[in-house]
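Engineer: When you get a sec, could you give me coordinates for this:
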Amino acid sequence: MGHLDHAALGWLTPVLSYVMACIGAALGLRCTVRALGATGRSRRNWLITAASAIGTGIWTMHFVAMLGFSVTGTDIRYDVPLTIVSLLVAMAVVCGGVFAVGYSRDRTRALFLGGLTTGLGVASMHYLGMAAVRLHGDVTYDPALVGLSVLIAIVAATAALWAALNIKSPVAVTIASLIMGAAVSSMHYTGMFAVSVDVTPAGAVLPGATAMQFIFPLAVGLGSYLFLTSAFVALSPTTGERAASASAQGSVESVAG
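Structural biologist: Have a look, this model is predicted:
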C-alpha cells in the first residue's frame with residue numbers, strides 16, 4: 001500500500017487552492033447578481049461569465065491541490081484529454097445550474113434542481129480528474145467517503161445558487177465566497193481521503209503528462225483568467241449605476257435645452 005501525501009509541497013497547495021475556489025465563487029456571485037438585474041442578451045452574457053468563473057474556480061482548485069498529491073513508490077502522470085474533459089464538465093454543469101436559477105420563474109424548484117445537478121456535476125468533475133491520474137498501481141475508494149464528498153458537493157452547489165439569488169452587497173458576497181471556498185475544498189479533500197493506492201513497482205514509463213508539464217501551466221492560465229475577469233467586473237458599472245448615469249445625463253440635457 002503506497003503512502004499518500006496530499007500536501008507534498010506543504011501548505012502552499014491547500015492554501016492556494018482555497019484562494020482560487022474563493023475567487024471563482026466571488027466572481028460567479030457578482031456576475032449572477034449583475035445578471036439578475038439585467039435583461040436579454042446582457043443577462044445571458046453575465047450568466048455565462050458567472051458559470052465559467054465558478055466552473056474554472058472549482059477546477060483550478062482541484063488541480064492546484066493535486067500539485068501537492070504524491071504517492072510513495074510511483075510517479076504520477078495525467079491523461080491530458082480526460083483532464084480537459086473534466087474542465088468542460090465543470091463549466092457545463094455549473095452553467096446549467098446558473099441558467100436554471102437565472103431564468104426560472106419558480107426559484108425554489110430551480111434552486112433544488114440546479115443545486116442537485118450542479119453538485120453531481122462538480123463531483124463528476126472531481127472523479128473524472130482522478131480517473132485521469134496515471135500511476136503504477138491500483139486506485140480504490142472508500143464508498144462512505146465518496147458518498148460524503150458527493151453530498152458536500154450538492155450542499156455547496158445549492159448554497160452557492162441560493163447565495164446568488166439572495167446576497168447582493170459586496171461584503172455579504174465576500175463572506176459567502178469564503179464559506180463556499182471552504183465547502184469546495186472540503187469536498188475535494190474528503191474525496192481524496194477516500195483514495196487508497198496499492199502500488200505495483202514497474203519500470204515502464206507512465207503515459208500522460210506530469211503535473212508541471214500540463215496541470216501547472218493550465219492552472220496558471222485559468223487563474224489569470226479569473227483575476228482579469230474579476231478586474232473587469234469590478235470596474236464595469238452596475239445596472240443601478242448605469243441608470244443613475246443616464247438619469248443625470250438626461251437632467252443635464254434638459255437644463256441645457
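Engineer: Output the below-cut-off pLDDT ranges for the stretch 101-250 of the chain.
Structural biologist: Along the stretch 101-250 of the chain, segments meeting pLDDT under 70 span 234-250.
Engineer: what about the strands in it?
Structural biologist: Listed in chain order, the strands of the stretch 101-250 of the chain (DSSP state E, counting those that start in this stretch) span 133-135, 137-141, 195-199.
Engineer: which residue packs closest to residue 206, ignoring adjacent ones?
Structural biologist: residue 77 (4.3 Å; C-beta to C-beta, 6 or more residues apart in numbering). No exception for glycine: its C-beta is placed from N, CA and C like everyone else's.
Engineer: ok, that neighbour - contacts?
Structural biologist: Applying C-beta atoms under 8 Å, 6 or more residues apart in numbering to residue 77 gives the contacts 133, 134, 135, 206, 207, 208, 209, 210.
Engineer: separation between residue 125 and residue 93?
Structural biologist: For residue 125, the distance to residue 93 (C-beta to C-beta, to the nearest Å) stands at 7 Å.
Engineer: Make a ChimeraX selection of the buried ones in the contacts of residue 77.
Structural biologist: Applying 16 or more other C-beta atoms under 10 Å to the contacts of residue 77, the buried members can be selected in ChimeraX as follows:
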select :133,134,135,206,208,209
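Engineer: is it possible to export the contacts of residue 77 to TSV including distance to residue 4?
Structural biologist: Formatted as TSV, the contacts of residue 77 follow (distance: C-beta to C-beta, whole Å):
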residue	distance to residue 4
133	11
134	16
135	11
206	17
207	21
208	19
209	21
210	18
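Engineer: ok, now which ones touch residue 211?
Structural biologist: The contact partners of residue 211, by C-beta under 8 Å, 6+ apart, come to 66, 67, 76, 78.
Engineer: For these, pick the one with the most neighbours.
Structural biologist: Most neighbours among those, by other C-beta atoms under 10 Å: residue 66, with 24 neighbours.
Engineer: Now do the phi/psi pair for it.
Structural biologist: phi -70, psi -20 (degrees, to the nearest 10).
Engineer: what separates it from residue 128, distance-wise?
Structural biologist: 12 Å.
Engineer: Check residue 22 too.
Structural biologist: From residue 22 across to residue 128, the span is 23 Å (C-beta to C-beta).
Engineer: Which of the two has more residues huddled nearby?
Structural biologist: More crowded of residue 22 and residue 128, by other C-beta under 10 Å: residue 22, with 22 against 19.
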